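1. please work out how this folds:
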Amino acid sequence: MPRLPLPKRAPASMPGLLLGLVLGSAVPAAAQIDTSRADSLFGASQWEAAAAAYATLSQQDPKNGRVWFQLGFARHQAGDPAGAVEALEKAEALEFAPQRVRYRLALAEAETGNTQSALGWLRSAVDAGFTNLGVLRTDAGLEALRDTPGFAAVMQAAEAAHVCSREPCRQFDFWVGSWKVFNPGGQRVGTNHIRRVENGCALQENWTSARGGTGTSINFFHPGRGRWMQTWFDGNGGIIDLEGELRDGAMRLEGTHYAADGTFELIRGTWTPLADGRVRQFFEQSRDQGSTWYVWFDGYYERMDSDAPGK
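-> Model prediction:
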């Protein structure tokens, strides 16, 4: 994928757009100056006054990257994208919050019509770690860029760099799809639909049994615990909490099954991808704290025709 050149500043005069406090949230100010008044004006969306206050602060402490960033943001919101670029380039040179600064530069340059410069900053923001796919897909400030070939390349880079596009978040992908589910005797016992949600950071399961029962689960890799988690809810008030890992070619989770009346049993489940493309889901439960186990569910998943590979 070709790299776009790092953009240069170009002047313009179109009005600025608000991205939101998620990108302009405050960080602790440098100790040598008092930014409280400017920050208060910024928080109140008094953009022209905030820009003037930050401009004064930037002269008092020209090496304060946060002040330059806030100044650029405020100028952009006040309708001065060219002035915003000037201030944001100062923040960039001081290496302040590269992904946030470069993203704001992309927005400012996009407003001025400098498409290649905006795309260059946007790709540079992604390289610095900006992979908020929801913002990239919906931010109105990028509307002028979305029909350009360069924007598609930037989105591909952001999607590839997104944390949930990489291992171990993709270990359970073999379960994704629409399935007919059969018991070991070949009798159909239900259907299940598993799809990626939240930019692939979780799997959502929606189960319907042949008898009409329903249930849903959320499955995700917990980075703090280094484990896979599943929480299941069914239409009868039952809840299952599981956690575990991919081991020996199968997803192995264990935990507790709580009935609606408050009683509970230990439960463990294994999801195994089979050589013929099916997936086996095998559950056991224990009523004696794990001394003995009985089979609770044994299902073989076959892809629906519309979901089969190549369809």
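2. need the helix or strand of this structure with the lowest average pLDDT.
-> When the helices and strands of the chain are compared on mean pLDDT, DSSP states H and E, helix 21-24 comes out lowest with a mean of 38.
3. buried residues in the helix or strand that it is followed by?
-> Next helix or strand after helix 21-24 toward the C-terminus (DSSP states H and E): helix 36-43. Going by neighbour count (16 or more other Cβ atoms under 10 Å), the buried part of helix 36-43 is Ala38, Asp39, Leu41, Phe42. For glycine as for every other residue, the C-beta is placed from the backbone atoms N, C-alpha and C.
4. for stretch 94-107, same thing?
-> By 16+ other Cβ under 10 Å, the buried positions in stretch 94-107 come out as 94, 96-107.
5. ranges for the helices of the stretch 1-150 of the chain?
-> Here the stretch 1-150 of the chain has its helices, by DSSP state H, counting those that start in this stretch, at 21-24, 36-43, 47-60, 65-77, 81-93, 98-112, 115-127, 133-138, 149-161.
6. for Asn199, which of these is the nearest?
-> When these are compared by Cβ to Cβ, helix 133-138 sits nearest Asn199, at 5.0 Å.
7. helices or strands up against that closest one?
-> Judged by 3 or more Cβ pairs under 8 Å, 6 or more residues apart in numbering; DSSP states H and E, the packing partners of helix 133-138 are helix 149-161.
8. which helices and strands sit right next to the helix it packs on?
-> Judged by 3+ Cβ pairs under 8 Å, 6+ apart, helix 149-161 is in contact with helix 115-127, helix 133-138.
9. rebuild the helices of the stretch 1-150 of the chain as a markdown table, extending it with distance to Ser286.
-> Formatted as a markdown table, these follow (distance: least, Cβ to Cβ, whole Å):
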| stretch | distance to Ser286 |
| --- | --- |
| helix 21-24 | 46 |
| helix 36-43 | 55 |
| helix 47-60 | 62 |
| helix 65-77 | 56 |
| helix 81-93 | 59 |
| helix 98-112 | 48 |
| helix 115-127 | 48 |
| helix 133-138 | 41 |
| helix 149-161 | 42 |
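10. which stretch among those helices comes nearest Glu302?
-> helix 149-161 (29.9 Å).
11. wait, Val181 sits on Arg188?
-> Yes: Val181 lies in contact with Arg188 (Cβ atoms under 8 Å); the separation is 7.0 Å.
12. burial count for the closest residue to Gly237 other than its chain neighbours?
-> The shortest distance from Gly237 to any non-neighbouring residue, by Cβ to Cβ, 6 or more residues apart in numbering, is to Ala260 (3.0 Å). Number of residues near Ala260 (other Cβ atoms under 10 Å) recorded here: 10.
13. so what does the helix or strand containing Thr272 touch, helix or strand wise?
-> Secondary structure assigned from DSSP H and E places Thr272 in strand 264-273. Judged by 3+ Cβ pairs under 8 Å, 6+ apart, strand 264-273 is in contact with strand 239-247, strand 250-258, strand 279-286.
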